[in-house]
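for reference, the sequence and a predicted model appear below.
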Amino acid sequence: MRKLAGFVATLSLTMAAAAAAPALAQDAAAAAVDLSVGTKVFDSEGAELGTVTSVQGPNVVVDLGDSKQIALPSASFGMLEKGPTIGATKAQVVAAVDQAAAANEAKLTAALQPGAEVRGVNGEAVLGTVKLVAADGAVLTTPSGEVKLPRNAFFMGQAGLQTSFTPEQFAAAMKEVNTAAAADDAAVAAALVAGAEVRSLKGAAVLGKVKSASADAVVVTTPAGADVSLPRSAFLMSPAGLAAAYTAEQFAAAVAQATGG
């Protein structure tokens, strides 16, 4: 399995163009507001709020910095002499974004459970089903195999639990994952020969040497002369060569349990 490579709060902020700040141009109500990508946006006190990163239908996405974004209705913007503005301070906007993010995170945690269906970014197609959940992401079972997605690839949408891939993007990514996995599996199969050194997960330590290998299991002889059987699926290719998915400490514990040592 491989990982496929944020949260945008959508809030309604009322813009009081005439009362937002004394520095508002007198003809602000009639002025055209420039909300093109890259435009600086200011808060109700004239301080810089952020930068427009995209326009999505009636909403304008503003990057607030610190990995925070907010989508505001274009009608929420008025004009200061130095640029577009909204009727709220940056502190108020950031607090609203944080509150929305916390609520979204709680909903995501409740929904991201084994057995849950995961839909694409537009919610129209089921891409897979959650198999396992970890702190950093979740493993999905799909018609094309299993894949691990990072947690930030998931979000709660109108259709429920969704991921930030269209069906086409997901299919292309799964094809790439499966191609890489097949190549890695072929390399492991070629390396699993009697006498081959088996290294730890990151390749730093030699755990032992291959004694025999089958489709399901591999017997490894440790430097101390003990034989231990490991599942075939635990083997992979590391930069240092053939490796097993164990740290040196985990392998030692597994050997002790298998040999009663």
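Nice, thanks for sending it over. Numbering: from 1, shown residues only.

mind listing the helices for the stretch 101-250 of the chain?
Using DSSP state H, counting those that start in this stretch, the helices of the stretch 101-250 of the chain run over residues 167-191, 248-259.

so which of those comes closest to residue 213?
The closest of the helices of the stretch 101-250 of the chain to residue 213 is helix 167-191. By Cβ to Cβ, the value is 8.6 Å. Every residue, glycine included, has its C-beta placed from N, CA and C.

for the closest one, packing partners?
strand 145-150, strand 235-238, strand 241-244 (3 or more Cβ pairs under 8 Å, 6 or more residues apart in numbering; DSSP states H and E).

and that helix, how far from the chain's centre?
Distance of helix 167-191 from the chain centroid (Cα atoms, centre = their mean, to the nearest Å) equals 19 Å.

for that helix, what is the average pLDDT?
Averaged across helix 167-191, pLDDT comes to 89.

got the buried residues for it?
170, 173, 174, 177, 188, 191 (16 or more other Cβ atoms under 10 Å).

how about stretch 154-165?
Those would be 154, 155, 156, 161, 162, 163, 164, 165, for stretch 154-165 by 16+ other Cβ under 10 Å.

sorry, back to before: now render the buried residues of helix 167-191 as JSON lines, adding distance to residue 81.
Listed next are the buried residues of helix 167-191 as JSON lines, based on distance: Cβ to Cβ, whole Å:
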{"residue": "170", "distance to residue 81": "47"}
{"residue": "173", "distance to residue 81": "47"}
{"residue": "174", "distance to residue 81": "52"}
{"residue": "177", "distance to residue 81": "52"}
{"residue": "188", "distance to residue 81": "65"}
{"residue": "191", "distance to residue 81": "68"}
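
wait, which of those is closest to residue 117?
Ranked by distance to residue 117 (Cβ to Cβ), the buried residues of helix 167-191 are led by residue 170 at 13.6 Å.

surely the closest one and residue 127 touch.
Yes - with contacts counted by Cβ atoms under 8 Å, residue 170 reaches residue 127, the gap being 5.1 Å.
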